[in-house]
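Q: let me see the structure of the following:
(2 chains)
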Amino acid sequence: MKFKVLRKAKHSKARLGVIETKHGVIHTPAFIPVGTQATVKGLTVEQLKEIGAESVLCNTYHLYLRPGDEAIKKLGGLHKFMNWDRPIWTDSGGFQVFSLGAAMEHGVGKIASMFPGEKSGVLAREGELEHIISKKEKFTRVTEDGVEFRSHMDGSRHFLTPEKSIKIQENLGADLIFAFDECTSPLHDYQYTKKSLIRTHRWAKRSLAAFRGENQALYGIIQGGAFKDLREEAAKFISRMHFDGIGIGGALGNTKKEMYKILGWVTPLLPEKKPRHLLGIGALEDIIKAVKLGVDTFDCVAPTRIARNGSALLLDGESLNIKSGRYWKDKNPLDKTCGCYTCQNYTRAYLNHLFKAHEMLGPILTTIHNLYFMERLMKRVRESIK
RNA sequence: GGGCAGGUGGCAGAGCGGUCAAUUGCACCUGGCUGUAGACCAGGCGCCUUUUAGGCUACGGGGGUUCGAAUCCCUCCCUGCCCA
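A: Sure, this is the predicted structure:
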């Protein structure tokens, strides 16, 4: 992998660049659609390409559990498996330490909000596995060596270590992979966050040591919660190591303002030559602010998830709930200014009908729109870096 | 004409003397979703008042029994099935 900074903005820390991999280039700043289970839910790779996506991000944990990284390796690797010949990223499974672990601490079947300071704190969610997993028991247990997961599918036990995560990611064969980390919760205190950070740093070393580097690039990940000294320590620590790129992980504070503050602490400490990836962030205003703070790439499930749930992204940063009855007879496209396949061919009324009728084309068309929206946004962002 | 079953909130369908403004599902409305346990989740859903709360009108129509009726009785209307 090669990364070139083509231009730096005069009035911010924004960078225009390009990541070159064996499977093609990624123009940065870029938004990377998430395809957790080796598919961007609902879309064919042709549709993704038509939208303009240059890369996708898949998930180590999910693909390890099903169909299995060895199986994918035997089938010719992730690119061949999913018929995507452009760059692929894989997350290390570190986020699942959070989403299946700490996020559940406040009761079974609950996922902590990403920014608890701005939300009600927790989102209730009934788990399908309550009958298998006893109440209050988390799906994960973190130890020095690694993390014990209980499969969210069948409750079976699995142990993920930095070495194993790297091995799985090598078997999958993504172009850009991540070190195994612990994504802490915004609800964790300083003590725990520090303890976790030091462990994540040991895991970073182990990830790097296990990494063979054949046609793959490895990103180290900066943790440290919303604590300035920890974030700075992490930024320096990860920067010193021989990672190909730098990931910035969350707990990113309790509010968006805190997240921007954290990015402001971290990015000045990072090497100019390495690409920076902000993990899991993808709201319009967040991306714009983060780019100005020097972030190059983003991945986020939000555009695709909210699309499936009936929300279409609009330019003002708002979203349109296409399921609402007020669009029943609306002849307009989702967005008159949008050039996507969906907006060129279908009315709000039709999309409203598809969602009401639970037709799968509804989520598909809305996903196309939202990802096209993100591509259009990133193109504008790139053009604005002067 | 005779027999039987039944008429409950937008729909389906519970309830069968008080804890019923009425379980549940669907539909509908609103909100949320940020390295995907998520095509999901939460809330609302008779009317009125300023939330808590209170008031009003309600279980086909009318009448009755009872301290109290969606629930029991009478009657009328309507629906379905069976026999002529």
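Q: buried stuff in stretch A:360-369?
A: A:362, A:363, A:364, A:365, A:366, A:367, A:368, A:369 (16 or more other CB atoms under 10 Å). (Glycine included, C-beta is placed from N, CA and C.)
Q: run through who's touching that stretch.
A: The contact list for stretch A:360-369 (CB atoms under 8 Å, 6 or more residues apart in numbering) reads A:40-43, A:47, A:51, A:303-304, A:307-308, A:310-313, A:322, A:334-335, A:338, A:340-343, A:346, A:351, A:354-355.
Q: likewise stretch A:299-315?
A: In contact with stretch A:299-315 (CB under 8 Å, 6+ apart) are residues A:31-34, A:36, A:40-42, A:57, A:89, A:91, A:277, A:279-284, A:319-323, A:334-335, A:337, A:351, A:355, A:362-363, A:366-367, A:369-371, A:373-374.
Q: re the thing from before, narrow the contacts of stretch A:360-369 to those that are buried.
A: By 16+ other CB under 10 Å, these give A:40-43, A:47, A:51, A:303-304, A:307-308, A:310-313, A:322, A:334-335, A:338, A:340, A:342-343, A:346, A:351, A:354-355 as buried.
Q: next step: the residues you listed restricted to strands.
A: A:311, A:312, A:313 (DSSP state E).
Q: keep the buried ones among the contacts of stretch A:360-369, but drop any that are not near RNA strand B.
A: Residues of these in contact with RNA strand B (CB under 7 Å from any atom of the strand): A:40, A:41, A:42, A:304, A:308, A:310, A:311.
Q: now for those residues: which two are most distant?
A: Using CB to CB, the two most remote members of these are A:40 and A:310, lying 17.5 Å apart.
Q: not counting its neighbours along the chain, what's nearest residue A:265?
A: Nearest in space to residue A:265, with sequence neighbours left out and distances taken as CB to CB, 6 or more residues apart in numbering, is residue A:231 at 5.0 Å.
Q: which SSE is the one you found in?
A: helix A:228-240 (DSSP states H and E).
Q: touching RNA strand B at all, the helix or strand just after that helix?
A: The helix or strand immediately downstream of helix A:228-240 is strand A:245-248, counting by DSSP H and E. Yes - using CB under 7 Å from any atom of the strand, we find that strand A:245-248 touches RNA strand B at residue A:247.
Q: any idea of the mean pLDDT in strand A:245-248?
A: Across strand A:245-248, pLDDT averages out at 98.
Q: swap in stretch A:291-306?
A: Here the average pLDDT along stretch A:291-306 is 98.
Q: how about the residues of the stretch 151-300 of chain A by RNA strand B?
A: Counting by CB under 7 Å from any atom of the strand, the residues of the stretch 151-300 of chain A that sit close to RNA strand B are A:152, A:178, A:181, A:183, A:221, A:223, A:247, A:249-250, A:256, A:279-283, A:286, A:299-300.
Q: packing partners of whatever helix or strand residue A:289 lives in?
A: Assigned by DSSP H and E, residue A:289 belongs to helix A:284-292. Counting contacts by 3 or more CB pairs under 8 Å, 6 or more residues apart in numbering; DSSP states H and E, helix A:284-292 is packed against helix A:256-266, helix A:361-384.
Q: nearest residue to the most far-flung residue of chain A relative to its centre in space, please, no chain neighbours.
A: Using CA atoms, centre = their mean, the residue of chain A lying farthest from its centre is residue A:329. It sits 35.8 Å away. Closest residue to residue A:329 apart from its sequence neighbours, by CB to CB, 6+ apart: residue A:349 at 5.4 Å.
Q: for residue A:159, same thing?
A: Once flanking residues are discounted, residue A:159 sits nearest to residue A:148: 5.3 Å by CB to CB, 6+ apart.
Q: give me the neighbour count for the one you found.
A: Neighbours of residue A:148 under the rule other CB atoms under 10 Å: 16.
Q: before we move on, what about residue A:24?
A: 13.
Q: from RNA strand B, how far out is the nearest residue to it once chain neighbours are set aside?
A: In space, and not counting its chain neighbours, residue A:24 is closest to residue A:86: 4.8 Å by CB to CB, 6+ apart. To RNA strand B, residue A:86 is 17 Å away according to CB to the nearest atom of the strand, to the nearest Å.
Q: residue contacts, residue A:86?
A: Contacts of residue A:86 by CB under 8 Å, 6+ apart are A:23, A:24, A:49, A:53, A:54, A:55, A:56.
Q: next, count neighbours for the last one.
A: Going back to what we said before, that points to residue A:56. If you count neighbours by other CB under 10 Å, residue A:56 ends up with 26.
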